[in-house]
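*Asks:* Give me a 3D structure for the following:
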Amino acid sequence: MKKQLTILLLFFFTSSFGWGQEDDNILKTETPCNIDLILKTPGRWLKTKENNGAKLTSQERQQIFNRLNAIHQLVFNLYPSPMGADAIPHYFTTDDHFAYQHKMESGANGKLQASSVNGTPVVFYEYGASFCDYHCLGKPNEIQRSKYCEGAMHITIDINNLSLMFMALTLDDYYADIMRVDGRPIKKLSPIVGKWKGYDVYNHWGVVEATNIVLLHREGMLPYVPVTRKQYLDRSIVCVQKFYDKAIKDLEQPEGLPLLMDKKERDEQVKKQQKSRDKVIKFYRDEIDATTKEGLLDSPAIISNDLINLETNVPVFTTQAKGGKMLVTENPGYFRKDLPKYVPQLMVYYLANADSFVGHTVNPFKLIDEHFPIEKLQAMIDK
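*Replies:* Okay, here's the model as predicted:
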């Protein structure tokens, strides 16, 4: 009887808007569209989108999808009946390697190219759910569903992959050759901005309640290794030297625009580049001396600027409390070889807010942030 009553009420509610069937993304209404009407409009959980790129046996695939289904249920339970929005879950799988090395080879025009080698074989898989809010964008008596789900509030949970933890680097392969430790590329870790349910919260931009990232791993071991100050300083000097060598060579053997300058002007530019090079290299060497005296050569490198920095008016190193980014590599000793490659050995929980939900009666971000049972994800590690 309760189920029948629920169906009847839902039918009555939806019928009052006179929804049409001409376009699944358009809801016809009897009154003009506004935010109050949208907030009273039931949304939907749509069919899960799947992108399966991993080569798996039927048993492995079943194991992975059992986990993804369990994660989906945790999210669904928090908001089973979206209002003014559609929820779209997605599953993704691919074969991957953890703590891989970069093999550098000469490509076209002598440019170095990086390819990934070695590393521990794993299956990287992902659960995601996007909450796509409705809009008043069409005719007055229409509600527009988010067909492409632009700028949606979303939750993503990555398994056996740390990419969500890292900030993008703009290094080309020329400098990627230098910025490696034991062949593994250096990454820039998002800064820690606070705590959530006992876990460190990471955020790319250093602000809370916009994009919150939590790392789940086995107790007593991190899946990344800090780059030391000495490792960073040594490599920075090499990068600076190469940068200025190329700039000076382009002036001494000009092509394109530098040909428009006369030789005297190019010579003056060469001297300026040489002076700037010497100043920056001295800056880094002075930092090596100071760090050595302080006994901090083996401490983590936490920087405030770009990975390759030519500025000399700010300190090389800072702290995470001041928004600094720790330099790390993936830990080659983290993944256990005695576990199947699909077993979750680490997870990254990523929750992103959306401005469009500010006026909603229920903001999925706040709902999930306050009530998500993160301990149930932690319990899946190594299981």
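*Asks:* In a helix, residue 293, correct?
*Replies:* Yes. Residue 293: assigned to a helix according to DSSP: H, G, I helix; E, B strand; the rest coil.
*Asks:* what are the phi and psi angles of the residue sitting nearest the centre point of the chain?
*Replies:* Nearest to the geometric centre of the chain sits residue 164, at 2.9 Å (C-alpha atoms, centre = their mean). Dihedral pair for residue 164: phi -70, psi -20, per degrees, to the nearest 10.
*Asks:* need the contact list for it.
*Replies:* The neighbours of residue 164, taking C-beta atoms under 8 Å, 6 or more residues apart in numbering as the test, are 156, 158, 213, 348, 350. C-betas here are computed from N, CA, C, even on glycine.
*Asks:* From residue 187, how far off is it?
*Replies:* Distance, residue 164 to residue 187, by C-beta to C-beta, to the nearest Å: 12 Å.
*Asks:* do residue 289 as well
*Replies:* Distance from residue 289 to residue 187, by C-beta to C-beta: 27 Å.
*Asks:* And residue 309, by the same measure?
*Replies:* Taking C-beta to C-beta, one finds residue 309 at 17 Å from residue 187.
*Asks:* Comparing the two, which residue is more hemmed in?
*Replies:* residue 187 (21 against 17; other C-beta atoms under 10 Å).
*Asks:* which non-adjacent residue is nearest that one?
*Replies:* residue 166 (4.5 Å; C-beta to C-beta, 6 or more residues apart in numbering).
*Asks:* what secondary structure does the residue lying farthest from the centre of the chain sit in?
*Replies:* Ranked by distance from the centre of the chain (C-alpha atoms, centre = their mean), the top residue is residue 264, with 48.2 Å. Following three-state DSSP, we place residue 264 in the helix state.
*Asks:* before we move on, what about the one 10 residues further on?
*Replies:* For residue 274, the secondary-structure state derived from three-state DSSP is helix.
*Asks:* Check the burial of residue 142 by counting its neighbours.
*Replies:* 18.
*Asks:* got the contact list for the closest residue to it other than its chain neighbours?
*Replies:* Nearest residue to residue 142, sequence neighbours excluded (C-beta to C-beta, 6+ apart): residue 26, at 5.4 Å. Neighbouring residues of residue 26 by C-beta under 8 Å, 6+ apart: 20, 138, 142, 143, 144, 145.
*Asks:* Secondary structure element for the fourth one, which one?
*Replies:* Read it as residue 143. Using DSSP states H and E, residue 143 sits in strand 142-144.
*Asks:* just checking, what packs against that strand?
*Replies:* strand 26-28 (3 or more C-beta pairs under 8 Å, 6 or more residues apart in numbering; DSSP states H and E).
*Asks:* so what strands line up beside the strand it packs on?
*Replies:* Based on DSSP bridges, the pairing partners of strand 26-28 within the sheet are strand 142-144 (antiparallel).
*Asks:* And the average pLDDT for the strand it pairs with is what?
*Replies:* Averaged over strand 142-144, pLDDT sits at 91.
*Asks:* Quick check: neighbours of whatever helix or strand comes next after that strand in the sheet, parallel or antiparallel?
*Replies:* Using DSSP H and E, the next helix or strand after strand 142-144 towards the C-terminus is strand 153-159. Partners of strand 153-159 in the sheet, by DSSP bridges, are strand 120-133 (antiparallel), strand 346-352 (antiparallel).
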